[in-house]
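A.B. asks: generate a structure from the sequence data that follows.
(chains A and B)
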Protein chains: 2
Amino acid sequence: MEMKKHSHVVYIVTIFCLLIFTSGTSAQDKRIIRIAKIKIEPTYLEAYRIAVKEQIETAVRVEPGVLTLYAVNDKEVPTNITVFEIYADTAAYQSHLQTAHFKKYKTETAHMVKSLELIDVSAIELRTK
Amino acid sequence: MEMKKHSHVVYIVTIFCLLIFTSGTSAQDKRIIRIAKIKIEPTYLEAYRIAVKEQIETAVRVEPGVLTLYAVNDKEVPTNITVFEIYADTAAYQSHLQTAHFKKYKTETAHMVKSLELIDVSAIELRTK
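C.D. replies: Below is the predicted model of the structure:
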C-alpha cells in the first residue's frame, strides 16, 4: 500500500513537470525570428523606403501575429537594408504572406530589389522598453 | 501699415514652422541604432550566450537610455551572432560603455569573440507590439 501511494506521487509529479516544461519551451520555440538583408537599386531607394514603411506600419497594426518589424538602412551604404522580423508562430507568418498589404509591397518593390537574403535566427535575449 | 502687419504674420509663421520642424527631426536623429555582427569561437558559444543574456537583461532594466537590445544567433551557423541595438542618444550610449555590467561582459567575453563588426544604421520604420 505504501509503495503504491509513493508511485502515484512520482507519477503525478512527473506529469506536472512535463506539462510545465512543454508549455515553457513551446512558447519560446513557436516564434519565427528572421533577418532579411535587402539590396536596393539606388534609383528606387526613396520609393522603396516609402513602400516598406507603409507595409510595416499596416502589418504590425492589423496583424495580431506580426510582433516586430524593424527596417533600417546602413549609414555608409544606404541601399543596404536590414529588416529584423518577429512573428508569433508559423501560422502568423504564413497568414502575413497572404495579406493584401504584403502582396502590394512585394509587387510594388519587385523591380527595386537587387538581392534578398533571408536568415533564420534563434533568440538569445530580446529586451526592449 | 497693412504691409507691416503682413510681414509680421509671415515672420511668426516661419519661426513656428521652423520650431516644429527642428523638434521633430532632432527627436528622430538623436537615436543611435546599430547592428553588431559577432563571430564566436565554437567552444565558448554557451558561455557567450550566458554572458550576453545577463548583460542585455541588466542594461535594458537599469539604464534609461538603453532602449532595445536584441541578440540572436543564425540557425544554420549558431556561432554567428547579431545584436540589434537602440540607444536614446550618444550620451546614453557613452554612459552604457562605462557601466559595470558592460565592462564585465567585455572582459568576460574578450577571448570568446573571433570577430566583431559594427554597422551604424538609420531607422526606416521601427514597429513592435
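A.B. asks: ok, then the element right after whichever strand or helix holds A:K104?
C.D. replies: In this assignment (DSSP states H and E), A:K104 forms part of helix A:100-109. Past helix A:100-109, further along toward the C-terminus, the next helix or strand under DSSP H and E is strand A:113-128.
A.B. asks: what residues sit buried inside that following strand?
C.D. replies: Within strand A:113-128, the residues that qualify as buried are A:119, A:121, A:124-127, counting by 16 or more other C-beta atoms under 10 Å in any protein chain shown. (Each C-beta comes from the backbone N, C-alpha and C, glycine too.)
A.B. asks: again, but for stretch A:105-115
C.D. replies: Buried residues in stretch A:105-115, defined by neighbour count with 16+ other C-beta under 10 Å: A:105, A:108-109, A:112.
A.B. asks: hmm, back to that, touching chain B at all, the helix holding A:K104?
C.D. replies: No - looking at helix A:100-109 against chain B by C-beta under 8 Å from any C-beta of the partner chain, there are no contacts, and the closest approach is 11.7 Å.
A.B. asks: figure out how far that helix is from the centre of its chain.
C.D. replies: 18 Å (C-alpha atoms, centre = their mean, to the nearest Å).
A.B. asks: strand A:113-128 and that one, what's the angle between them?
C.D. replies: Angular relation of helix A:100-109 and strand A:113-128 on a 0 to 180 degree scale: 140 degrees, by axes from the mean of the first three to the mean of the last three C-alpha atoms, to 10 degrees.
A.B. asks: quick one: contacts of helix A:100-109?
C.D. replies: Outside helix A:100-109, the residues within contact range by C-beta atoms under 8 Å, 6 or more residues apart in numbering or on different chains are A:44, A:47-48, A:51-52, A:54-55, A:58-59, A:62, A:96.
A.B. asks: so for that helix, mean pLDDT?
C.D. replies: In this model, helix A:100-109 has an average pLDDT of 97.
A.B. asks: likewise stretch A:72-91?
C.D. replies: Taken as a whole, stretch A:72-91 has a mean pLDDT of 98.
A.B. asks: what residues go with each domain of chain A?
C.D. replies: Each domain of chain A is listed here as a residue range: A:1-30, A:31-121, per automatic domain parsing.
A.B. asks: most packed of those domains?
C.D. replies: Ranked by average neighbour count under the criterion mean count of other C-beta atoms under 10 Å in any protein chain shown, the domains of chain A are headed by domain A:31-121 at a mean of 16.
A.B. asks: how far out from the middle of the chain is it?
C.D. replies: Once both centres are worked out by C-alpha atoms, centre = their mean, domain A:31-121 turns out to sit 11 Å from its chain's centre.
A.B. asks: who touches the residue most central in space within chain A in this structure?
C.D. replies: Note on chain A: the residue nearest the mean C-alpha position is A:I86, at 2.2 Å, using C-alpha atoms, centre = their mean. Taking C-beta under 8 Å, 6+ apart as the criterion, A:I86 is in contact with A:31-33, A:67-69, A:126, B:128.
A.B. asks: among those, which are located in strands?
C.D. replies: A:32-33, A:67-69, A:126, B:128 (DSSP state E).
A.B. asks: dump the residues you listed to CSV, plus distance to A:I40 and pLDDT.
C.D. replies: Formatted as CSV, the entries for those read as follows, by distance: C-beta to C-beta, whole Å; pLDDT from 0 to 100:
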residue, distance to A:I40, pLDDT
A:I32, 24, 97
A:I33, 23, 97
A:L67, 25, 97
A:T68, 21, 97
A:L69, 17, 98
A:L126, 27, 96
B:T128, 23, 95
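A.B. asks: with distance to B:I81 added, can I get these in TSV?
C.D. replies: As requested, those are exported to TSV (distance: C-beta to C-beta, whole Å):
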residue	distance to B:I81
A:I32	18
A:I33	13
A:L67	21
A:T68	18
A:L69	21
A:L126	13
B:T128	21
